[in-house]
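> Kindly return the folded structure for what I paste below:
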Amino acid sequence: MIVLDTNVVSELMRPSQDPAVVTWLGQQTRGSLVTTAITVAEIRFGLARLPDGRRATELRQLADEVLGAFPGQVLPFDTAAAALYGDIAAARERGGRPVDALDAQIAAICRAHSASLATRNTRDFVGTGVELLDPWRA
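Residues are numbered from 1 along each chain as shown. Modelled structure (predicted):
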């Protein structure tokens with residue numbers, strides 16, 4: 001199972017998608033790709049911040065289409081992930097590299113499901129105990 005981080009899902013919403021990401025996604029088994037409720041929340045927040053207008057309307061429709069491609073494949077931040085969250089955040093803090101709360105939640109979801117994480121921001125997740133994949137460098 002591969003969890004798609006927010007930047008990978010957002011790339012699918014760009015008018016000109018990075019060819020490396022498109023190729024990498026095409027090489028994956030469709031059923032193996034999932035995302036998280038955290039990613040959905042981050043995307044929805046970004047869209048809610050946009051001023052009303054044609055661009056915002058188009059992006060919201062595109063987000064509905066992209067996120068709709070993951071029916072039943074959006075992993076929640078549940079009690080199993082919550083139990084791992086504290087360990088991840090504390091370990092990074094002890095190592096002198098505090099982790100953003102949302103990134104720690106995504107990492108915890110990945111660990112709870114023994115999943116890899118596809119992200120462009122690999123540095124944000126180093127030391128979380130999650131296997132990292134960078135579709136931009138695959």
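
> what about the spatially closest residue to Gln17 that is not a sequence neighbour, how many residues close to it?
The shortest distance from Gln17 to any non-neighbouring residue, by CB to CB, 6 or more residues apart in numbering, is to Glu11 (5.7 Å). All C-beta spots, glycine's among them, are computed from the backbone N, C-alpha and C. Number of residues near Glu11 (other CB atoms under 10 Å) recorded here: 21.

> Surely Glu11 touches Val21?
Yes: taking CB atoms under 8 Å as the definition, Glu11 is a contact partner of Val21 at 5.1 Å.

> what do these two both touch?
Pro135 (CB atoms under 8 Å, 6 or more residues apart in numbering).

> Centroid-nearest residue for the protein?
The chain has Asp5 as the residue nearest its centroid, 1.7 Å off, counting by CA atoms, centre = their mean.

> quick one, what contacts the closest residue to that residue other than its chain neighbours?
Computed as CB to CB, 6+ apart, the closest residue to Asp5 that is not its neighbour in sequence is Thr119, at 3.6 Å. By CB under 8 Å, 6+ apart, the contact set of Thr119 is 5, 7-8, 125, 132-134.

> Same question for Phe125.
Contacts for Phe125 (CB under 8 Å, 6+ apart) come out as 99, 103, 106-107, 117, 119, 132.

> Is Val8 in contact with Pro135, as I believe?
Yes: if you go by CB under 8 Å, Val8 and Pro135 touch, sitting 6.0 Å apart.

> Helices of the protein, start to end?
6-11, 19-26, 37-48, 54-68, 79-94, 101-112 (DSSP state H).

> Show me what the first one is in contact with.
With CB under 8 Å, 6+ apart as the contact definition, helix 6-11 has outside contacts at 17-18, 21, 25, 35, 38-39, 42-43, 46, 66-67, 118-121, 135.

> swap the cut-off to 6 Å and go again
Outside of helix 6-11, the residues within contact range by CB atoms under 6 Å, 6 or more residues apart in numbering are 17, 21, 35, 39, 42, 118, 120.

> For that helix, C-alpha coordinates in PDB please.
Presented in PDB, the C-alpha positions along helix 6-11 are these (Å, rounded to 0.1, in the frame of the first residue of the first chain):
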ATOM      1  CA  THR A   6      -0.800  16.100  -0.200                       C
ATOM      2  CA  ASN A   7       1.800  17.300  -2.700                       C
ATOM      3  CA  VAL A   8       1.300  14.200  -4.900                       C
ATOM      4  CA  VAL A   9      -2.500  14.600  -4.900                       C
ATOM      5  CA  SER A  10      -2.100  18.300  -5.600                       C
ATOM      6  CA  GLU A  11       0.100  17.500  -8.600                       C
END
